[in-house]
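Novice: Fold the following and give me the result.
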Amino acid sequence: METIDLVCGIASAVIPGLGQAIKGHVLKGLVVFFLFVLSCLLILVLIGLIVAPIVWFWNIYDAVKIEEAK
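Specialist: Purely as a prediction, here's the structure:
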């Protein structure tokens, strides 16, 4: 694992979508961020308790595994 992958994983753990943006996938990062915000809002109707952690963990995994944009 490269250092940039670790940094992007940590950045995405703190702010969802930031790791994708750091690697050059800004639009994907924005989509991930807004999906996370939406899933957090869904906590008000309880489905977000399931959806928010899934989106958050997927976000971190994707930030680490995604290739850098050229």
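Novice: check contacts around the residue nearest the centre of the chain.
Specialist: By CA atoms, centre = their mean, the chain has its centre lying nearest to N59, at 2.9 Å. For N59, the contact set (CB atoms under 8 Å, 6 or more residues apart in numbering) comprises 12, 16-17, 19-20, 32, 36. Placement of C-beta: from N, CA and C, glycine included.
Novice: Contact partners for the residue in the chain sticking out farthest from the centre?
Specialist: Ranked by distance from the centre of the chain (CA atoms, centre = their mean), the top residue is V45, with 22.1 Å. For V45, no contacting residues are found, by CB under 8 Å, 6+ apart.
Novice: Can you tell me how far it is from L38?
Specialist: In this structure, V45 and L38 are 12 Å apart, going by CB to CB, to the nearest Å.
Novice: And for I10?
Specialist: Distance, I10 to L38, by CB to CB: 23 Å.
Novice: how far out from the middle of the chain is the biggest helix by length in the chain?
Specialist: Assignment by DSSP state H gives helix 48-65 as the longest helix of the chain. Mean-position distance between helix 48-65 and its chain equals 6 Å (CA atoms, centre = their mean, to the nearest Å).
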